[in-house]
Each structure stands twice: as C-alpha cells, then as structure tokens.
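Q: Return atomic coordinates for the entry below.
(one chain, ligands or ions: 1)
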Amino acid sequence: MKGLVVAANRLPVELSADGRLNPSPGGLASALSSVTAAGTQWVGWAGPEAARPKPFDHGDLRLHPVFLSPDEVDRYYRGFSNAVLWPLFHGRLRRVELNRAWWNSYRVVNRRFASAVAQIAPLGGTVWVHDYHLLLAPAMIREKRPDLRIGLFLHIPFPNAQLFAMLPWRREVIKGMLGADVVGFQVPDDVTNFLAAAKRLVDPRMVGRTLFDGSHSVDVDAFPISVDFTHWDELGEGAASAALANRQELAVESVLLGIDRLDYTKGISQRLRAFGELLDQGLLDTEQCAFVQVAVPSRSDVAAYEDERDEVEQLVDRINVKHRRRNGSVPVRYIDYSLDEVQMAAWFRAADALVVTSLADGMNLVAKEFVAARGDLDGALILSEFAGAAQDLDGALIVNPYDIEDIKQAVLQAIQMPVAERAARLRTMRAAVQHNDVHRWARTFLTRLQSSASTRTDDLVLRPGGGDLATRRDLANRRGLDPKLVETIPS
Ligand code: F6P
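A: Model (predicted):
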C-alpha cells in the first residue's frame, strides 16, 4: 500500500553500539518486513544502543527512530510493557506490579510515537499500529490527525474481561485502542474478550463487532497472522545438506526440537520435564534420542525472565547429568543464542518433531515456519492448544501443556508416527499456511481498514420497528437500497 506508516515498538533493524544494523529480534519485525511495500515509513525504537539517530533509509523503507531514554527503557519497555501488560495479557501476572511511574512513562512514550506518526503521515494516509507497547497511540494519533485511517493489530492474546479489569488504567487502555478504525486480534477468543472488556468498562454502542466511539466506528475482528510460506519453503529446500550434517552430529534415531525466545509463556520447562520423564521411565532411550532446545535470550533484565532462565538451565543440567550417554554426550542439546533463518531451517529439517508447548501464545510463528520449511513431508508438529496457531493447523498433535502426561503421549506418538501419516498431516498444514500466508494477512487487514474507516457515527440508524442499532450500510445491503436512502438518527 502506498503511503503506509507503520508504528511498532521496534524498527525492523536495531542499531548496535558500533553503528551497525542488525535485524530486530522477534516475529513481529520479520513478519512485517516481509509485507511492507516500497515507500512505507516505519516509526519505532532502534534498540538500547541507539542514541538519537535521524531518519534513514533501509532498503525500500524510510525508518524514523523514536528515542527512548534509559529511564524510559526501564519504565515503559521493561516495566509497563513487559512486566505488566505482557504477563497480564498472557494470564501470568505473578506479582501485582502495577507501578504508577511505569504507567506514566508508557503514556509519555505512546504520545511520542503518536506525535512522530502525526508529523510524517501524508494527508488522508493510513497508519498501522502494532502490539501491546502502543495501545494508547491510536486515540492519540486520532486526536492530532483525524484525517488518518488508523489500524491496530495486537500480536499477543487479549485476556478475559475479569483479568483485564485488574488494571488500574483499564479504561484509558480501552479508549486508546478504540482510537483505531480497525482493531485486529489473532483469534476469535481475543475478539470476544476485548468486546466484553469494552462493554464492561466504557460501554460504547455496539452493532455486532462494530463499536461506535464518539465520532467514528471501530471494526473489531480476528486476523490470524502467518509467515512467508514461499520464503520458508525455499529455506527448507536449501537446508537439506545442513540438516543431514546436524543429524550426523547428533547420531541418534529420533530428534525433538524446540525453538523459542526464552520466555516463561513458552512452556519450555514443561516440555523438558516431559522429555526427562520419558527417559526416566525408559520409554525413550537416551542413546537413541536427542532434544535440541534453542532458547534465544530475551528481556533478560526483567526479573521473571531471569527466573525462567535459571529454571530451564537447571532442568537441562539435571536431565543431562542423569542421562549422560555411554560415550559421554548428553541427550539435551541446549543452544542459548539466536540462530539465523538458514540455521533455523536446517534444524527444522533435521527434526522428527517440533515441540511447541506455549502456556499462552498469540499465534506462534515458529510452528508455521516449521510447516512451511518441511517440503520433504517428513516431520510431526506437537502444538499447544493455547497457541493461536492451533486453530489454523489441523494436522498437528494438539496438547495441553499443563498436562505433562499429554505431552509425553504426543512425543511418543510423533516419534512412532508412520511416514504416510506424517506426510498426510503435513500436507494439510502446508496447504493452510500456503493459503493464508503473511501476505494475505496484511492484505486482508489493510483492505478492511480501507473500507471500514468510511463508517462514521452518522451512519448509525435504528432498525425499523425495533430499538436496536445497525449501520446504514448494513441495513441498506440487506434491503438492496442505496445507503443514502436509509434514514439517519442524530447521535
Ligand atoms: O509480539 C511479541 C513481541 O513482543 C514482539 O513485539 C516482538 O517481535 C517480540 O515479542 C520480541 O520482543 P522484544 O521486542 O521485547 O525483544
């Protein structure tokens, strides 16, 4: 889309201390980078090492760095975004860390992002705001630039209304989000949760999934994100010999794989515990199987992440000490650094099964990358029912990650699965990912944004003979009339 402005916490690249540019961590940056067209402007943070860099071009994109002081990185990013919203939205708030200084900083930084967008967006242009770091920005942008069409997409789950209502600033957050014309979520449950929270906390007028807030309507829907299928398919094809080398190095019959950011929502301990118990019980043979766990360090100065790292590393040690092989090698290969896409594809192709046991997860793009990279049709996917991807990937072995026995059964089933069944399941999953790839996701969202931004409150009408509300367009469509002929009620 021409003239699009993207606003996300991170730019697609991070500036290192010596001035080099590295790809930003996380699925959001890579998913978006593969769909942004030439001329797109992107407003975001250039990482902790960036001073106050000026706007610069990166490939076809124009990047506008937003400066964050060390204090803001602490309060807005580590504090409010990653120690309040992240755990709350994933249903894992351990301590109630509802720090008011963090909230104030979150507001200040959201306003800074909104001002940056307002300054650069072309007249009548389109803005796409991403994720939980910027939930206040849509309303702030609208206040400054009512001419813009504003979309918001949340990459993580939205919690149920009861949980969300714990947040002292819950109304401000909902109102911030309602500044958008379209609010997108990963799965229908998130939509239901958001609508319930909006009803309970700000009670806007609602027609189905369209809310009317002040001067504009807000279209709320699920838009499940995906991956660049062709890209991962090609990476998989190109990785055949590196995959073989990985297998030869491990020298076992069965290889299980996990690739995650080291995050307490990913259920890494749960899957390792399941693997350890299978070894303890002799249901897996330490001489003949390996678990490769890639745990990419993430948000390591947030306390809960340090605890998670300690727990995972202790588990790995315990399993490896107890089940050391006769030749001195160990069954869990723990990789605690980030891999590039080529290396990831080589592990995807080397594995008999990818194990995804998230306790809560907006989508989990790794699961879809694995499916796209397995053009050889020879791998199984074990997938948590609490990952958004479970709703798109018929063919995965779905598990409840809180139930260790369930994970163990799935691991055994995956390892023993006949070749024909693996292929059939992968075929189904690959067709789904190929059809709904990241390009379709972006197109669907932006097309909806183009059409729904034209619904304004003065389009609201009463259904004849009844008191409930409908949009003029909706009513006209049903009766085959010109929308202009349907009477408008003054709001
Ligand atoms: O949606 C999950 C997310 O927060 C994304 O914004 C990002 O891609 C990823 O996790 C990485 O997190 P961070 O930006 O905190 O390193």
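Q: What is the three-state secondary structure of the closest residue in space to residue 141 that isn't next to it in sequence?
A: Spatial nearest neighbour of residue 141, excluding adjacent residues (Cβ to Cβ, 6 or more residues apart in numbering): residue 114 at 4.7 Å. Heads up, the C-betas are built off the backbone N, CA and C, glycines and all. For residue 114, the secondary structure call by DSSP: H, G, I helix; E, B strand; the rest coil comes out as helix.
Q: and stretch 129-137, does that touch the ligand?
A: Yes: counting by Cβ under 6 Å from any ligand atom, the ligand is contacted by stretch 129-137 at residue 131.
Q: ok now that stretch, how far from the chain's centre?
A: Distance, stretch centre to chain centre, for stretch 129-137: 13 Å (Cα atoms, centre = their mean, to the nearest Å).
Q: before we move on, what about stretch 374-388?
A: 17 Å.
Q: same check, this time on stretch 74-91
A: On Cα atoms, centre = their mean, the centre of stretch 74-91 falls 15 Å from that of its chain.
Q: I'd like to check what contacts it. Which residues are they?
A: 9, 45, 68, 93-94, 97-99, 101-106, 108-109, 132-133, 135, 156-159, 163-164, 166-167, 265, 299, 301-304, 359-361 (Cβ atoms under 8 Å, 6 or more residues apart in numbering).
Q: Now restrict these to buried residues only.
A: 9, 45, 68, 93, 98, 102-103, 105-106, 109, 132-133, 135, 156-159, 164, 167, 265, 299, 302, 304, 359-361 (16 or more other Cβ atoms under 10 Å).
Q: Keep only those of the residues you listed that are in helices.
A: The helices, defined by DSSP state H, take in 102-103, 105-106, 109, 164, 304 from the buried ones among the contacts of stretch 74-91.
Q: out of those residues, who's nearest the ligand?
A: The shortest approach to the ligand among those belongs to residue 304, at 12.8 Å (Cβ to the nearest ligand atom).
Q: There's contact between the closest one and residue 97 in this structure, I believe.
A: No: applying Cβ atoms under 8 Å as the test, residue 304 and residue 97 come out as separate, 9.5 Å apart.
Q: SS state for residue 377?
A: Under three-state DSSP, residue 377 comes out as coil.
Q: quick one, what contacts it?
A: Contacts for residue 377 (Cβ under 8 Å, 6+ apart) come out as 422-423, 426-427, 430.
Q: Quick check: the gap between it and residue 429.
A: To residue 429, residue 377 is 10 Å away according to Cβ to Cβ, to the nearest Å.
Q: Repeat that for residue 324.
A: 36 Å.
Q: Relative to residue 202, how far out is the residue nearest to residue 200 when sequence neighbours are not counted?
A: Nearest non-adjacent residue to residue 200, counting by Cβ to Cβ, 6+ apart: residue 161, 5.2 Å away. Using Cβ to Cβ, residue 161 is found at 12 Å from residue 202.
Q: How is residue 330 assigned, secondary-structure-wise?
A: coil.
Q: what's the burial count for it?
A: 18 (other Cβ atoms under 10 Å).
Q: check contacts around it.
A: So residue 330 contacts 319-320, 323-324 (Cβ under 8 Å, 6+ apart).
Q: And the residue of the stretch 1-150 of the chain closest to the ligand?
A: Counting by Cβ to the nearest ligand atom, the stretch 1-150 of the chain gets nearest to the ligand through residue 26 (2.1 Å).
Q: In helices, which of the contacts of residue 377 fall?
A: 422-423, 426-427, 430.
Q: Taking those residues, please make a ChimeraX selection of just the buried ones.
A: A single ChimeraX command is used to select the members of these judged buried by 16+ other Cβ under 10 Å:
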select :422,423,426,430
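Q: now, which of the ones in helices among the contacts of residue 377 sits nearest the ligand?
A: The closest of the ones in helices among the contacts of residue 377, once distances to the ligand are taken by Cβ to the nearest ligand atom, is residue 430, at 24.1 Å.
Q: quick revisit: looking at residue 161 and residue 202, which has the bigger crowd around it?
A: Using other Cβ under 10 Å, the more surrounded residue of residue 161 and residue 202 is residue 161, with 18 against 15.
Q: wait, isn't the more buried one in contact with residue 196?
A: Yes: counting by Cβ under 8 Å, residue 161 touches residue 196, with 4.1 Å between them.
Q: Need the residues touching each of the two.
A: Common neighbours of residue 161 and residue 196 are not found (criterion: Cβ under 8 Å, 6+ apart).
Q: so residue 41 sits right up against residue 61, yeah?
A: Yes: between residue 41 and residue 61 there is a contact under Cβ under 8 Å: 7.3 Å.
Q: Next, residue 324: secondary structure please.
A: coil.
Q: What are the phi and psi values at it?
A: Main-chain dihedrals, residue 324, degrees, to the nearest 10: phi -60, psi 140.
Q: ok, it - contacts?
A: Residue 324 makes contact with 286, 330, according to Cβ under 8 Å, 6+ apart.
Q: any idea how far it lies from the ligand?
A: Distance from residue 324 to the ligand, counting by Cβ to the nearest ligand atom, to the nearest Å: 34 Å.
Q: Quickly note the distance from that residue to residue 295.
A: 21 Å.
Q: quick one, what contacts the most centrally placed residue in the chain?
A: The centroid of the chain falls nearest to residue 155 when counting by Cα atoms, centre = their mean (3.6 Å). Going by Cβ under 8 Å, 6+ apart, residue 155 touches 27-28, 130-132, 186, 225, 362-363.
Q: Go through those residues and name the one nearest residue 151.
A: Comparing those against residue 151 with Cβ to Cβ places residue 130 closest, at 9.1 Å.
Q: Please tell me how far that closest one sits from residue 259.
A: Here residue 130 is placed at a distance of 22 Å from residue 259 (Cβ to Cβ).
Q: can you check residue 425 too?
A: 20 Å.
Q: what are the ranges of the strands in the stretch 251-400 of the chain?
A: 254-261, 289-296, 332-335, 353-356, 380-384, 397-399 (DSSP state E, counting those that start in this stretch).
Q: phi, psi of the closest residue to residue 121 other than its chain neighbours?
A: Nearest in space to residue 121, with sequence neighbours left out and distances taken as Cβ to Cβ, 6+ apart, is residue 5 at 4.8 Å. In terms of degrees, to the nearest 10, the main-chain angles of residue 5 are phi -120, psi 120.
Q: Can you read off the pLDDT for residue 5?
A: Looking at residue 5, its pLDDT reads 97.
Q: From residue 452, how far off is it?
A: 18 Å.
Q: residues in contact with residue 387?
A: 356, 358, 361, 363-364, 367.
Q: Look up which residues are beta-bridged to it.
A: residue 361 (DSSP bridges).
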